[in-house]
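*Asks:* Provide a 3D model corresponding to the input given below.
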Amino acid sequence: MSVNIAWPVKSRELHSHHFDSTIWNDFKFRNNDIIIATYAKSGTTWMQQIVAQMLFSGDPDLAVAEMSPWLDLRVPPKEVKLPQVEAQTHRRIIKTHLPLDALVYSPKAKYIYIGRDGRDVLWSMYNHHLNANQAWYAALNDTPGRVGPPIEPPPADIRQYWRDWMDRDGHPFWSFWENLRAWWKIRELPNVLFIHFNDLKRDMPGEMRRIARFLDIPLDEARWPAILEYCSFDWMKKNAAKSVPLGGAFWDGGAEVFINKGINGRWRDTLTADESAEYEARTVRELGPECARWLAYGHGV
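*Replies:* Residues are numbered from 1 along each chain as shown. Next up is the predicted model:
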């Protein structure tokens with residue numbers, strides 16, 4: 001890759017009940033690392049499954065959640081997590097939810113960014129948060145190293161959750177807009193691929209082949225039907241413990257709750273036309289018309 005490219009430079013640290021961005025300062029990149037980046041609840045686990053199954057030619061026993069850690073999640077602490085990642089001998093698949101300016105970016109790695117309509121993100125996030133159990137709260141709130149306020153249980157009314165998320169810039173998690181805005185600016189770098197949740201839903205095999213080309217993964221055509229099966233929503237739901245962190249121990253109902261419905265548009269029965277219009281106008285204002293259009297519909301970048 002050209003040395004004349006202006007690669008992104010980390011400019012801040014981000015700490016919260018979830019984040020410890022300083023782990024990236026000590027992470028040693030390898031030439032073939034794969035970084036999966038999303039805001040959250042945008043298809044991250046699905047993409048981890050897709051990449052892992054293509055790398056290993058379709059293996060139903062892959063423990064993808066263990067293979068592909070969320071590096072900037074502050075538990076377990078970096079003193080535990082970094083040696084585990086360094087010990088991996090396979091091609092590494094790392095997950096991040098950081099905005100770009102809090103991430104160490106490397107020309108050695110390849111980055112896949114997944115986008116999804118913010119309304120669908122929020123509805124999936126609410127299910128994730130609502131079903132979290134006391135072990136989840138204890139890990140995020142009561143372990144050493146938390147910076148800032150604890151995360152509290154969500155309100156009973158998803159409409160209030162939506163208003164808080166909109167009015168308080170991603171509360172109780174992190175900013176949706178800054179995450180999208182920063183990654184969108186680097187979409188034309190040679191080691192970045194943008195994928196949209198809608199496009200994966202419309203044509204999973206086609207999008208998977210596009211991902212494989214980008215990552216230089218040779219596909220075993222004899223194994224292709226098995227690979228597709230293991231990446232299907234139904235198979236992942238039935239075998240969720242393999243792809244969900246800690247086998248789903250942090251959620252009431254287990255791993256199947258983490259992999260919830262995989263569908264879009266559930267907000268249509270709750271948000272008013274005015275509220276949807278408010279969100280759509282906000283996306284244009286925050287992200288610009290091109291990014292807002294892609295975020296709403298997909299169809300490649």
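*Asks:* and A255, what's its pLDDT?
*Replies:* Predicted confidence (pLDDT) for A255: 47.
*Asks:* whoops, P245 was the one
*Replies:* P245 is assigned 67 on the pLDDT scale.
*Asks:* same question, A222
*Replies:* Reported pLDDT for A222: 98.
*Asks:* thought H18 was touching R146, still the case?
*Replies:* No. Using C-beta atoms under 8 Å as the test, R146 is too far from H18 to be in contact (9.2 Å). For the C-beta atoms, the positions are set from N, CA and C on the backbone; glycine is no exception.
*Asks:* which residues do the two both contact?
*Replies:* Taking C-beta atoms under 8 Å, 6 or more residues apart in numbering as the criterion, R146 and H18 both touch R74, L140.
*Asks:* low-scoring pLDDT stretches of the chain, where are they?
*Replies:* The chain contains residues with pLDDT under 70 at 1-3, 244-263, 300-301.
*Asks:* okay, now G148: neighbour count?
*Replies:* 10 (other C-beta atoms under 10 Å).
*Asks:* how about it, secondary structure?
*Replies:* coil (DSSP: H, G, I helix; E, B strand; the rest coil).
*Asks:* can you give me the distance of it to I23?
*Replies:* 17 Å (C-beta to C-beta, to the nearest Å).
*Asks:* number of nearby residues for S21?
*Replies:* 22.
*Asks:* which residues touch it?
*Replies:* Applying C-beta under 8 Å, 6+ apart to S21 gives the contacts R12, E13, L14, H15, D72, L98, A102, L103.
*Asks:* do I114 as well
*Replies:* I36, A37, T38, S42, G43, T44, M47, F194, I195, H196, F197.
*Asks:* any idea which element it lies in?
*Replies:* strand 110-115 (DSSP states H and E).
*Asks:* how distant is that strand from the center of its chain?
*Replies:* Relative to its parent chain, strand 110-115 has a centroid offset of 9 Å by C-alpha atoms, centre = their mean, to the nearest Å.
*Asks:* return the set of buried residues in that strand.
*Replies:* Residues of strand 110-115 classed as buried under the neighbour-count rule (16 or more other C-beta atoms under 10 Å) are K110, Y111, I112, Y113, I114, G115.
*Asks:* go ahead and confirm the fourth one touches A182.
*Replies:* No. Counting by C-beta under 8 Å, Y113 does not reach A182; the two are 10.1 Å apart.
*Asks:* what number of residues lie near G118?
*Replies:* G118: 28 neighbours (other C-beta under 10 Å).
*Asks:* not counting sequence-adjacent ones, nearest residue to it?
*Replies:* Nearest non-adjacent residue to G118, counting by C-beta to C-beta, 6 or more residues apart in numbering: F176, 5.4 Å away.
*Asks:* residues contacting the one you found?
*Replies:* Y39, G118, V121, W165, D169, G170.
*Asks:* of those residues, closest to T270?
*Replies:* W165 (13.2 Å; C-beta to C-beta).
*Asks:* contact partners for that closest one?
*Replies:* Neighbours of W165 in contact, by C-beta under 8 Å, 6+ apart: L122, M125, H171, F173, F176.
*Asks:* I'd like those residues as a markdown table, with secondary structure appended.
*Replies:* As requested, these are arranged in a markdown table below (three-state DSSP):
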| residue | secondary structure |
| --- | --- |
| L122 | helix |
| M125 | helix |
| H171 | coil |
| F173 | coil |
| F176 | helix |
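*Asks:* nearest to R30 among the residues you listed?
*Replies:* Distances from R30 to these, taken by C-beta to C-beta, are shortest for F173, at 29.7 Å.
*Asks:* could you count how many residues lie near the nearest residue to the closest one once chain neighbours are set aside?
*Replies:* Of all residues not flanking F173 in the chain, A40 sits nearest, at 6.6 Å (C-beta to C-beta, 6+ apart). Neighbourhood size, A40 [other C-beta under 10 Å]: 19.
*Asks:* the helices in the stretch 1-150 of the chain, which residues?
*Replies:* 23-26, 44-55, 64-67, 78-86, 118-130, 134-141 (DSSP state H, counting those that start in this stretch).
*Asks:* mind checking which of the ones you listed is nearest V284?
*Replies:* helix 118-130 (12.4 Å).
*Asks:* ok so, going back, quickly check the buried residues of strand 110-115 for the two that are furthest apart.
*Replies:* The largest separation in the buried residues of strand 110-115, counting by C-beta to C-beta, is between K110 and G115 at 17.2 Å.
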